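*Asks:* Below are the sequence and a predicted model; questions follow.
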Amino acid sequence: PPMEAMRGLFWLHPSGATDAGQAASRRDAGAIPVTRFNWSHSLAQSVRSTPGVGWNGTVYVGTKTAATTGALFAIGSGGQRLWALPLGAIEASVAVGPRDAGVEAIYAGSYNGAGNLWALATDGGTLLRCTLSSSDYPVASPSVFPTSLGGTPAIGESFFTNSSKRVRTIQPSGGSQSCV
C-alpha cells in the first residue's frame, strides 16, 4: 500500500488452523500505532550516499546531477529545506562533527572539475575549502576525529582520494586552518 495508507493504527486480525483443519480467528485482537515516516523531501537529484545528521535533527545530504554538478542540502527536522549549496557532484556520505566551542561543522567532498574538501557551518557558510587537482577527488566518506592544536580542542577530517591514493586531512578550527 502507499506510505500514507500505513499511518494511524494497524489492526490485528489473527486467524489460523490446526493440523486437523479446525479454523479460528479473532477480529478485535488489538491495534498497533504505525508511522512509516515523519516527512519526506524531494531533491529532484540523484542521492548516492548516506546523509549526515546534526544534533538538532538537521539532515545534510549530497547529490549528483552530472559528472561535475550537484549540491549539498540541509533539511530541517520537520522536512523543510534550510539551504542548498551548489558545491559540485557529491557521491560520498557527509559527516557532521563538533567544531570549536561545540558548534557543529559539516564535512563533505565534491567534484566540480577539481576535487574539493569542505568544512561548512550549519548555516551553509564555508569554514574551510581545500581545492585539489582535476584528477584528485574524494571517493570515500569523511571521518571525524578529535585533535588538539596548541591545547585548543579542534576537529580534523580525513578523506581518501582516488587518484593520489592518500588520506587527506583538513583542519577547520583551532587557531590555524590547514589542508594536508
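*Replies:* That came in fine, so what should we check first? Numbers count the residues shown, from 1 in each chain.

*Asks:* Report the helix or strand with the lowest average pLDDT across this protein.
*Replies:* strand 152-161 (a mean of 49; mean pLDDT, DSSP states H and E).

*Asks:* Tell me the predicted confidence for the most centrally placed residue in the chain.
*Replies:* Nearest to the geometric centre of the chain sits Pro51, at 1.5 Å (Cα atoms, centre = their mean). If you check Pro51, the pLDDT there is 93.

*Asks:* so what's the nearest residue to it once chain neighbours are set aside bridging to?
*Replies:* Closest residue to Pro51 apart from its sequence neighbours, by Cβ to Cβ, 6 or more residues apart in numbering: Val61 at 3.8 Å. Just so you know, the C-beta spots here come from the backbone N, C-alpha and C atoms, and that holds for glycine as well. For Val61, the beta-bridge partners are Phe73 (DSSP bridges).

*Asks:* isn't Val61 right next to His41, touching?
*Replies:* No. Counting by Cβ atoms under 8 Å, Val61 does not reach His41; the two are 9.1 Å apart.

*Asks:* which of the two has more neighbours?
*Replies:* Neighbour count, other Cβ atoms under 10 Å: between Val61 and His41, Val61 has more, with 23 against 13.

*Asks:* Gly97: what secondary structure?
*Replies:* Secondary structure assignment for Gly97 (DSSP: H, G, I helix; E, B strand; the rest coil): strand.

*Asks:* burial count for it?
*Replies:* If you count neighbours by other Cβ under 10 Å, Gly97 ends up with 20.

*Asks:* Dig out what it forms beta bridges with.
*Replies:* With DSSP bridges as the criterion, Gly97 is bridged to Ala105.

*Asks:* Now do it against Leu120, distance only.
*Replies:* 11 Å (Cβ to Cβ, to the nearest Å).

*Asks:* Find residues that contact each of these two.
*Replies:* Residues touching both Gly97 and Leu120 (Cβ atoms under 8 Å, 6 or more residues apart in numbering) are 105, 107.

*Asks:* can you give me phi and psi for the residue lying farthest from the centre of the chain?
*Replies:* Centroid-distance maximum for the chain: Ala20 at 54.0 Å, with Cα atoms, centre = their mean. When read as degrees, to the nearest 10, the backbone of Ala20 gives phi -80, psi 0.

*Asks:* go on, the one 3 residues further on?
*Replies:* Phi and psi for Ala23, reported as degrees, to the nearest 10, are phi -90, psi 150.

*Asks:* residue contacts, Pro14?
*Replies:* Contacts of Pro14 (Cβ under 8 Å, 6+ apart): 25-26, 29.

*Asks:* can you put those in TSV and add distance to Ala67?
*Replies:* Output for those, formatted as TSV (distance: Cβ to Cβ, whole Å):
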residue	distance to Ala67
Ser25	58
Arg26	58
Ala29	55
